[in-house]
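> Can you look at this prediction? I've put the sequence above it.
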Amino acid sequence: MKRSALFVTLVGFLGQLAQAQDLSPLEPLVGKLIDGGEWRTPNPDRADENQPDSFALRYEWGPHRRHMVGELVGIFAERGGEREVRYWTLYMFYNPASREARAMQVGWNGAIADGVAFVDADGRVVIEQTLQAPDGSTSEIRHVETFDASGESYRAEVFGRDADGEWQPMREWLWTRHRTDR
């Protein structure tokens, strides 16, 4: 019995050692996003109390850093605190067969975005997805995320394709890190 327990312990230790030496392929894409806290940005389109005052992004690693799960929530300031509404659930995982990172989003309204994520030659994180609206219509979107040197903020630019297939700017967000106890 002691011999089998030692074997199981040794196998577990060797597995953990191999995983520690094997950096997740997702680390360059989401390591900065997950490291400590949540990200917030004001809502520039807020016109009334039915729209959030700001947005927050939260991310966490799955087991062995092989996938990431996140959420985009709207933050409504209320007397005595804040109220949150989840708008998007975010997923990113590494596909070893295609050797690429996949990025998926599922919206509160049934919209789905699916595509690839990569680090470009300038060190920016780029996510290119096909967005399927609840009515079945599709469009292509591109997110380009550029971190500042401190790692405490990043600019997220969102692009859509025009009729000629060229990427056109749609929106820009400045996200800042907010340390939390979550």
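Structure received.
> so where do the strands sit in the protein?
In the chain, strands defined by DSSP state E lie at 38-42, 54-61, 67-78, 81-95, 100-107, 112-119, 125-132, 138-147, 153-161, 167-178, listed in chain order.
> which one of the ones you listed lies closest to S24?
S24 lies closest to strand 81-95 among the strands of the chain, at 7.0 Å (CB to CB). The C-beta positions use only the backbone N, C-alpha and C, and glycine is treated the same way.
> Buried residues, that closest one. List them.
Neighbour-count burial for strand 81-95 flags Y87, W88, L90, M92, F93, Y94 (criterion: 16 or more other CB atoms under 10 Å).
> Stretch 153-169 too?
In stretch 153-169, the ones that count as buried by 16+ other CB under 10 Å are Y154, A156, E157, F159, W167.
> repeat for stretch 116-136
A117, R124, V125, V126, I127, E128, Q129, L131, Q132.
> wait, isn't the fourth one in contact with R142?
Yes: when contacts are counted by CB atoms under 8 Å, V126 is listed as touching R142 (6.8 Å).
> picking that back up, give the single residue among the buried residues of stretch 116-136 positioned nearest to D48.
The shortest separation between D48 and any of those is 26.1 Å, and it belongs to L131 (by CB to CB).
> Dump the buried residues of strand 81-95 to JSON lines, plus pLDDT and distance to P44.
Listed next are the buried residues of strand 81-95 as JSON lines, based on pLDDT from 0 to 100; distance: CB to CB, whole Å:
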{"residue": "Y87", "pLDDT": "96", "distance to P44": "16"}
{"residue": "W88", "pLDDT": "97", "distance to P44": "18"}
{"residue": "L90", "pLDDT": "96", "distance to P44": "21"}
{"residue": "M92", "pLDDT": "95", "distance to P44": "26"}
{"residue": "F93", "pLDDT": "93", "distance to P44": "31"}
{"residue": "Y94", "pLDDT": "90", "distance to P44": "34"}
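> Distance to W61 for those residues - can I get that in JSON lines?
Rendered in JSON lines, the data for the buried residues of strand 81-95 read as follows (distance: CB to CB, whole Å):
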{"residue": "Y87", "distance to W61": "22"}
{"residue": "W88", "distance to W61": "18"}
{"residue": "L90", "distance to W61": "13"}
{"residue": "M92", "distance to W61": "10"}
{"residue": "F93", "distance to W61": "11"}
{"residue": "Y94", "distance to W61": "12"}
